[in-house]
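> Give me a model of this one.
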Amino acid sequence: MIDIKFLRENPEIVKQNIKNKFQDEKLPLVDEVIELDAKIRQIKGNVETCRAKRNKGSGEIGLLMRQKKVEEANKIKEEISKINLEIEEFDKELVHLESELKHRMMIIPNIIDKSVPIGKNDSENVERKRFLEPTKYDFEVPYHLDIIEKLGGIDLDSARRVAGNGFYYLMGNIARLHSAVLAYARDFMINKGFTYVVPPFMIRSNVVDGVMSFSEMDQMMYKIEGEDLYLIGTSEHSMIGKFIGQILDKTKLPYTYTSYSPCFRKEKGAHGIEERGIYRIHQFEKQEMIVVCEPEDSMAWFEKMYNYTVELFVSMGIPCRTLECCSGDLADLKVKSIDVEAWSPRQNKYFEVGSCSNLGDAQARRLGIRIKGENGNYFAHTLNNTVVAPPRMLIALLENHLHEDGSVDVPEVLWPYMGGTKKLEPVK
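The predicted structure is shown next:
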């Protein structure tokens, strides 16, 4: 959510930003917000005038009563009663107008950074850099599910009977590899100076409203029936919510956390759930990184964060690249975002395995996360980035360390987490 003062003073900039995101249907919202804002400020002025009259009248009543002028005092009391009714009506109108204003403000997209490339959708994202040479084989690489099944590592049929499509049982060494990747990612980030956290896996609706846009919520979040609770789609949600309503001590900034959580997603929309495979599923686990910092430091942290993910992938011998998200591919709260994509030898292309986002002060503004400054409080900046999400990571790891006989080399950095196992062999 952008600053109402900025919108009031720079409506054309806000409109151009909407055009740059190819969301022209939202253009009328800017004028509607300006009109609502003007009405609200006018009514607030009326309320202040009424209160001033009431305060003046209250003072006069005391004086008149002391002078035994009861009839005149009663007339002023009647006037004050009418003023109180006026204030009550104004307050009711303010509640309605402020609700309408907030609804529109939460739909208007955040101002994107000047460095973001302009484009309609993810097909116009811009490659930044590649790391490690793409893996090439002289044999045909099987579909990732076939690789995992040959290793005795998955049971989808039982999962469908238990929970339906979009779920899985990971088994044996694949389950162990899954946990090893998470443990390695955890320690990797701790060694970077981040504090490890296991957060709540459910959050209240006011936190949901603060951390994501309405469209994201509809496509992602599972609601707990009968309770004001949602299952998180990523630990970013509860980690940013941790700071709701707080005034932060600037001497303690930045807050750098790496958090583990299961993630639950509806996966509604164009992509949908895979009938076969574990690329897009309803439930998975993830290691995340979160930073809450001074506004002037957020872009430097942004660069550090996605490069940590690249470093992690390279350490496991997985070729990858960074991809700058264009304006039309940015979620409404994001100022700037970069995807990390891993190489798939089977598809002969890169695919997304993580995303790093700078949200500026959008989440902080919604959640009331401020920094105590010498000349007044101001909003913090928030950032998040995927360290690793093993279902997709497993696909990249297995494909890039595969042998023709179906065996898979375990990256050396994972050996301590695998009890010294260096290779996964097919199950006979």
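
> other SSEs contacting the helix or strand where residue 176 lies?
Assigned by DSSP states H and E, residue 176 belongs to helix 172-190. Counting contacts by 3 or more C-beta pairs under 8 Å, 6 or more residues apart in numbering; DSSP states H and E, helix 172-190 packs against strand 195-197, strand 255-264, strand 283-293, helix 298-315, strand 381-388, helix 390-400, strand 423-424. C-beta coordinates here come from the backbone N, C-alpha and C atoms, glycine included.

> Name the next helix or strand downstream of the helix or strand bottoming out on mean pLDDT in the chain, please.
Lowest by mean pLDDT, DSSP states H and E among the helices and strands of the chain is helix 214-220, with a mean of 71. The C-terminal neighbour of helix 214-220 among helices and strands, as given by DSSP H and E, is strand 222-223.

> what pLDDT, on average, does the helix or strand just after that next one get?
Note on strand 222-223: by DSSP H and E, the next helix or strand toward the C-terminus is strand 230-231. Averaging pLDDT along strand 230-231 gives 94.

> Kindly report the same for stretch 136-152.
Per-residue pLDDT over stretch 136-152 has a mean of 95.

> repeat for stretch 173-187
Mean pLDDT, stretch 173-187: 97.

> quick one: it to chain centroid distance?
Relative to the mean C-alpha coordinate of its chain, stretch 173-187 is positioned 24 Å out (C-alpha atoms, centre = their mean, to the nearest Å).

> Could you list the buried residues of that stretch?
Neighbour-count burial for stretch 173-187 flags 173-174, 176-178, 180-187 (criterion: 16 or more other C-beta atoms under 10 Å).

> got the contact list for that stretch?
Counting by C-beta atoms under 8 Å, 6 or more residues apart in numbering, stretch 173-187 makes contact with 148, 151-154, 170, 196, 258, 260, 285, 287, 312, 316, 387-388, 390-391, 393-394, 397, 410, 413-414, 417-419, 421, 424, all of which sit outside it.

> quick check, residue 375 in a strand?
No: counting by DSSP: H, G, I helix; E, B strand; the rest coil, residue 375 falls outside a strand, being coil.

> Let me know the distance separating residue 356 from residue 284.
Distance, residue 356 to residue 284, using C-beta to C-beta, to the nearest Å: 18 Å.

> When those two are compared, which one has more neighbours?
Just comparing residue 356 and residue 284: by other C-beta atoms under 10 Å the higher neighbour count belongs to residue 356, 26 against 22.

> On the strand side of things, show who the more buried one bridges to.
Taking DSSP bridges as the rule, residue 356 bridges to residue 338, residue 385.

> quick one: pLDDT of it?
Turning to residue 356, the model gives it a pLDDT of 97.

> please begin residue numbering at 20 from this point
Sounds good: first residue 20 from here, last item residue 375.

> re the thing from before, show me just the buried residues among the contacts of stretch 192-206.
Looks like these have 167, 170-173, 189, 277, 279, 304, 306, 331, 335, 406-407, 409-410, 412-413, 416, 429, 432-433, 436-437, 443 buried, using 16+ other C-beta under 10 Å.

> With distance to residue 326 added, can I get the buried residues of stretch 192-206 in TSV?
Output for those, formatted as TSV (distance: C-beta to C-beta, whole Å):
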residue	distance to residue 326
192	31
193	29
195	29
196	25
197	24
199	23
200	19
201	20
202	21
203	17
204	15
205	18
206	18
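
> of all those, which comes closest to residue 77?
Relative to residue 77, the closest of those is residue 205; by C-beta to C-beta it sits at 63.0 Å.
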